[in-house]
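Enquirer: sequence isn't available, so here's the structure alone:
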């Protein structure tokens with residue numbers, strides 16, 4: 001049951017980033033996005049990914065791999081489209 005809850009949380013948490021990534025890359029509008037905030041979030045999900053790998057917790061691993069990719073895309077867009 002705990003893994004089921006973890007997978008649901010992982011799916012919802014990942015889906016939440018998709019509209020922001022799509023909007024950012026589609027419009028190339030990044031003025032309203034904070035680079036420092038997104039870097040901090042990227043660091044946070046990277047640490048959660050490392051923790052998930054250490055604990056072999058698949059919901060954490062999968063969610064944070066996706067989050068690193070999505071938030072990383074926002075950081076890259078912010079750097080490219082200042």
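Expert: On my side now, so go ahead. If you're wondering where the values come from, they're calculated on a predicted model, not measured in any experiment. Numbering: from 1, shown residues only.

Enquirer: and the residue positioned nearest the centre of the chain, how far from residue 82?
Expert: The chain has residue 67 as the residue nearest its centroid, 2.4 Å off, counting by C-alpha atoms, centre = their mean. Residue 67 is 23 Å from residue 82, where distance means C-beta to C-beta, to the nearest Å. (C-beta placed from N, C-alpha, C; glycine too.)

Enquirer: picking that back up, just the element for the residue nearest to the centre of the chain, please.
Expert: helix 58-80 (DSSP states H and E).

Enquirer: check which residues of that helix are buried.
Expert: By neighbour count with 16 or more other C-beta atoms under 10 Å, helix 58-80 contains the buried residues 59-68, 70-71, 73-75, 77-78.

Enquirer: check the secondary structure at residue 9 for me.
Expert: helix (DSSP: H, G, I helix; E, B strand; the rest coil).

Enquirer: what does residue 48 give?
Expert: Using three-state DSSP, the structure places residue 48 in helix.

Enquirer: isn't it up against residue 65?
Expert: No: the criterion here is C-beta atoms under 8 Å, and residue 48 misses it with residue 65 at 10.2 Å.

Enquirer: quick one: least confident helix or strand in the protein?
Expert: Every helix and strand of the chain was ranked by mean pLDDT, DSSP states H and E. The lowest is helix 2-15, at a mean of 91.

Enquirer: so what's residue 68 up against?
Expert: Counting by C-beta atoms under 8 Å, 6 or more residues apart in numbering, residue 68 makes contact with 42, 45, 46, 49.
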